[in-house]
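Participant: Next input, structure requested:
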Amino acid sequence: MPLLATQLVAALALAAGRPAARRSSKACARSTILASAGAAICAVDICTPDVRALASFYEECLGMERSERAGCIEMGFAGGATRLKLIEAPAAAFRVGAGFESIALDLPDVGAAVAGVAAAGGTVILPPEQCAVGPSKIPDEPVGTTHATLEALVSDPQGYRFRLIQRAGGASRVAKVVLRVTDLELSRAFYAELLGMSVLRWRSNLMSTPPSTTLTMQIGDPAVLNGAPVLEEAESAPHAPAVLELIYTFDMRKTDAGEGGAGRLTLAAAGVHDIATRAPSALGTVVENAPGGTAALLRDPDGFEVRLVGTHGV
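Facilitator: Modelled structure (predicted):
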């Protein structure tokens, strides 16, 4: 490996809170993946001045189904565990932050979805292209391993970005929520140690196509895999809750979490009151803590809002 690439790998490893020296990634994977599950993403807040217009866009372009709830419209796919919660708000009351990178959707036909987005007033940021990622350290994959997918990046008329991932023959689902963070270790401590989620996948993207000076970490509930191997295919299980993908770009100092609740995550978790009590120790901020431990609103170390509800209150 060229010296520059070697130095960059070491720098990325250090930036992520992992020592550059080689250690047993297999042992790390085992101890992390088998950690107890504690939270799962059940909703993402989408603020918009016109919920019905945006709901129609998601129906026509992305194939989502709507359900009417008090004060909002929820969008999702049949049998899906994670949904989009459309909340009416004046345009001046919220802002989608650049750090809210995207919502990733598994779809059977990315090309058709992109054409529909363009025709309905959305924006095609990146047209469909073949992308490939290299081996992960969690779980430990052999050098030379690649996972290739057809992907596109679009935005809806409100400015929310969606990464569309082709899963030919598979069911459509909300697969990931992708956030850009400034410190992977702090984010891991918040979501894994505090909220009880588990690291399912960790990789450097230097060997990806196209290559990127980023590290990604996917965090979620391993229980949804029902004992299946933690592979790309297992992560696309149609009824599994979305995973949280954290992206760290080398030397990133700031991220933009947005304002007004745009992109707020709702997580179903056990022990909400206890989590809120311990949040400051994980550099989280408690915004609200409902009496009785039924719900709480936190901010993670980068300012992204996370609403916790009890597992029986979803």
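Participant: Could you list the low-pLDDT ranges of the protein?
Facilitator: Counting by pLDDT under 70, the low-confidence segments of the chain come to 1-38, 222-238, 312-314.
Participant: Can you tell me the centre-most residue of it?
Facilitator: Nearest to the mean C-alpha position of the chain, counting by Cα atoms, centre = their mean, stands Val177 at 2.3 Å.
Participant: what helix or strand does that one sit in?
Facilitator: Using DSSP states H and E, Val177 maps to strand 173-180.
Participant: and the residue nearest to Gly284 when sequence neighbours are not counted, what does it touch?
Facilitator: Leaving out its chain neighbours, the residue that sits closest to Gly284 by Cβ to Cβ, 6 or more residues apart in numbering is Leu298, at 4.9 Å. Any C-beta I mention is one placed from the backbone N, CA and C, and that applies to glycine too. Shown in contact with Leu298 (Cβ atoms under 8 Å, 6 or more residues apart in numbering): 275-276, 279, 284-287, 305-308.
Participant: Return the subset of the residues you listed lying in strands.
Facilitator: The strands, defined by DSSP state E, take in 285-287, 305-308 from the contacts of Leu298.
Participant: what's across from Ile41 in the sheet?
Facilitator: Counting by DSSP bridges, Ile41 forms beta bridges with Ala242, Leu267.
Participant: So it sits against Gly263, correct?
Facilitator: No. Taking contacts as Cβ atoms under 8 Å, Ile41 lies outside contact range of Gly263: 11.8 Å.
Participant: And the strand holding Val177, what does it pack against?
Facilitator: strand 39-48, strand 100-107, strand 161-166, strand 243-249 (3 or more Cβ pairs under 8 Å, 6 or more residues apart in numbering; DSSP states H and E).
Participant: The closest residue to Ala93 other than its chain neighbours and Leu194, how far apart?
Facilitator: Among residues not flanking Ala93 along the chain, Gly260 sits closest, at 5.0 Å (Cβ to Cβ, 6+ apart). Between Gly260 and Leu194 the computed distance is 24 Å (Cβ to Cβ, to the nearest Å).
Participant: More neighbours: these two, which one.
Facilitator: Between Gly260 and Leu194, counted using other Cβ atoms under 10 Å, the more crowded position is Leu194 (25 against 18).
Participant: Skipping its backbone neighbours, what lies nearest the more buried one in space?
Facilitator: Of all residues not flanking Leu194 in the chain, Ala282 sits nearest, at 4.1 Å (Cβ to Cβ, 6+ apart).
Participant: what does Pro157 give?
Facilitator: Leaving aside its chain neighbours, Pro157 sits nearest to Gly121 (5.0 Å; criterion: Cβ to Cβ, 6+ apart).
Participant: circling back to that earlier point, tell me who's in contact with the residue nearest to the centre of the chain.
Facilitator: 41, 44, 103-104, 242-245, 263, 265.
Participant: can you pick the most crowded of those residues?
Facilitator: That'd be Ala242 among those, by other Cβ under 10 Å, with 28 neighbours.
Participant: Do I have it right that that residue meets Ile41?
Facilitator: Yes. Contact status for Ala242 versus Ile41: in contact at 4.7 Å, counting by Cβ under 8 Å.
Participant: Quickly list what's touching both of those two.
Facilitator: Contact criterion Cβ under 8 Å, 6+ apart; residues shared by Ala242 and Ile41: 82, 177, 220.
Participant: And those, which is closest to Thr145?
Facilitator: Lowest distance from Thr145 to the shared contacts of Ala242 and Ile41 (Cβ to Cβ) belongs to Gly220, with 20.6 Å.
Participant: And the closest one, how far from Ala290?
Facilitator: Taken as Cβ to Cβ, the span from Gly220 to Ala290 is 25 Å.
Participant: higher neighbour count, these two?
Facilitator: Gly220 (26 against 16).
Participant: Name the nearest residue to that one, sequence neighbours excluded.
Facilitator: Using Cβ to Cβ, 6+ apart and skipping the chain neighbours, the partner closest in space to Gly220 is Val243 (3.7 Å).
Participant: The one you found: what's it in contact with?
Facilitator: Counting by Cβ under 8 Å, 6+ apart, Val243 touches 41, 175-177, 200, 218-220, 235.
Participant: separation between it and Gly258?
Facilitator: For Val243, the distance to Gly258 - Cβ to Cβ - is 20 Å.
Participant: With Phe250 instead?
Facilitator: From Phe250 over to Gly258 the distance is 23 Å, taken as Cβ to Cβ.
Participant: re earlier: if I've got this straight, the residue nearest to Gly284 is in a strand?
Facilitator: Yes. Counting by DSSP: H, G, I helix; E, B strand; the rest coil, Leu298 is part of a strand.
Participant: For beta bridges, what are the partners of it?
Facilitator: Under the criterion DSSP bridges, Leu298 forms beta bridges with Val286, Val306.
Participant: who are the neighbours in contact with the residue lying closest to Arg278 once chain neighbours are set aside?
Facilitator: Using Cβ to Cβ, 6+ apart and skipping the chain neighbours, the partner closest in space to Arg278 is Leu194 (6.2 Å). Applying Cβ under 8 Å, 6+ apart, we find Leu194 in contact with 275, 278-279, 281-282, 284.
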